[in-house]
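Asker: The sequence and its predicted three-dimensional model are supplied below.
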Amino acid sequence: MSKKIFSGVQPTGNLHLGNYLGAIKNFVDLNNDNDNECIFCVVDLHAITTKQNPKELKNNIRETVATFVASGIDPKKSIIFNQSRVSAHSEGAWILSCVARMGWLNRMTQFKEKAGKDKEKASIGLYSYPVLMAADILLYDATHVPVGDDQKQHLELCRDIAQKFNNDFEVDNFLQVPEPLIQKDFSRIMSLKDGSKKMSKSELSDFSRINLTDDRDQIMNKIKKAKTDPLPMPQDIKELDERLEAKNLLGIYSSLTNSTLKDSVEIFAGKNFSEFKEILADQLINKIEPISQEIKKLLGDKKYLDKILLDGVEKANLIASKKIERIKEIVGFL
Ligand code: AMP
Ligand code: TRP
């Protein structure tokens, strides 16, 4: 069955191995399947829910496009565009924010994490962010949404909003209720410094993550310094629940080599971490170095990157403007 795919990535800099293994790698596979229609959005409206430097934001938007293309997404096959240029996203977010309930949004754990202790100081945008995400998805009748594990709750909210809209306005199946596509294993890559924390763009220490723009030496160095424990490599998969750093590194290895965690544990059982780390660094360099070099090359050709966005905006607008018109009609606007 052909799938309509929609996903988004925030242009907030430092795209990393977690973004790649949790999401972008999956985008590439979906793009390569000719049965699918894929739309990948650079969600700049989402980015400004936290403070951004305007100059850096522009660069980060281009860098996100470059990362998509360098990772293997073909802009001739998939639509790549930036959210702020398709006004239906903002309009849709407003209308859907009148459908979504406060109680639903109050449950969102990402808001709680990002707002931290001082919720009063968080932007309203940060709070209503999942409603904008729902608008993104629903405007394109997306059937499947590939994301990392941390976005699961937002997708459930999107499904609830779609269902409530369809019920409230008695328009059966008008908004397509989307399915999440979350990798079964390794859907959450953890920090190299702390196996209990997600690998993240905003973590202060650059040693906590492998950036997709890192070169060979940086990758080698970061893996060498990655936190482990004093024991030899685990003998049994059951040990991993207690040994989070080992689990994360073995998970990264498994994801890169398309093997199961169980097989990876068996290969390295009882060995020293240093031996494993060398092999892991090699695998990472094989995968990330070509992407990193291609990103840098593409960033030298801003015109090409801007043209990709321009073409994408045009195509996305055709789809989204039709849907938002129907939504306005259903709601009762004249
Ligand atoms: P963001 O950078 O927050 O826009 O995230 C872009 C995509 O990467 C989303 O689908 C996230 O779920 C995914 N992602 C971000 N961090 C991680 C991580 N540490 N592990 C796995 N997936 C991630
Ligand atoms: N909220 C997502 C994230 O931070 C990004 C995003 C915005 C998204 N709109 C989307 C993902 C629509 C999937 C579909 O990772």
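Answerer: Ah, there it is. Computed from a prediction, not measured in an experiment: that's the story for all the values here. Ligands and ions are numbered 1, 2, ... in the order given.
Asker: so which strand or helix has D306?
Answerer: For D306, the host element (DSSP states H and E) is helix 302-331.
Asker: Any chance you could list what contacts whichever strand or helix holds K55?
Answerer: According to DSSP H and E, K55 maps onto helix 54-71. With Cβ atoms under 8 Å, 6 or more residues apart in numbering as the contact definition, helix 54-71 has outside contacts at 9-13, 15, 20, 24-25, 27-28, 40, 42, 44, 47-48, 52, 75, 80, 82, 212-213, 290-292, 294-295, 298-299, 302, 305-306, 308-309. For glycine as for every other residue, the C-beta is placed from the backbone atoms N, C-alpha and C.
Asker: switch to 7 Å and redo it
Answerer: With Cβ atoms under 7 Å, 6 or more residues apart in numbering as the test, helix 54-71 has contacts from 9, 11-13, 15, 20, 24, 28, 40, 42, 44, 47, 75, 80, 82, 212, 291, 294-295, 298-299, 302, 305, 308-309.
Asker: So which of those reach ligand 1?
Answerer: Contacts with ligand 1 within the contacts of helix 54-71, as defined by Cβ under 6 Å from any ligand atom: V9.
Asker: Please give me every residue in contact with T143.
Answerer: Contact analysis of T143 by Cβ under 7 Å, 6+ apart lists K3, K4, Q176, P178, E179.
Asker: Check Q163 too.
Answerer: Q163 makes contact with V177 under the criterion Cβ under 7 Å, 6+ apart.
Asker: Tell me how many other residues surround the spatially closest residue to Y127 that is not a sequence neighbour.
Answerer: Of all residues not flanking Y127 in the chain, F111 sits nearest, at 5.7 Å (Cβ to Cβ, 6 or more residues apart in numbering). Residues near F111, counting by other Cβ atoms under 10 Å, number 20.
Asker: So what are the sheet partners of whichever helix or strand comes after the helix holding K55 and their directions?
Answerer: Beyond helix 54-71 on the C-terminal side, the first helix or strand identified by DSSP H and E is strand 79-82. Paired strands of strand 79-82, with direction, are strand 37-42 (parallel) (DSSP bridges).
Asker: what does the helix or strand following the strand it pairs with rub up against?
Answerer: Counting by DSSP H and E, the next helix or strand C-terminal to strand 37-42 is helix 44-47. The contact list for helix 44-47 (Cβ under 7 Å, 6+ apart) reads 8, 10-12, 57, 61, 82-84, 89-90, 129, 132.
Asker: Looking at the contacts of T143, spot the one nearest T260.
Answerer: Using Cβ to Cβ, E179 comes nearest to T260 of the contacts of T143, at 24.1 Å.
Asker: what pairs with the residue lying closest to that closest one once chain neighbours are set aside across the strands?
Answerer: Spatially, and ignoring its direct neighbours in sequence, E179 is nearest to H144 (5.2 Å; Cβ to Cβ, 6+ apart). Here H144 sits in beta bridges with I5, E179, going by DSSP bridges.
Asker: Would you confirm that H144 contacts I182?
Answerer: No - between H144 and I182 there is no contact under Cβ atoms under 7 Å: 10.5 Å.
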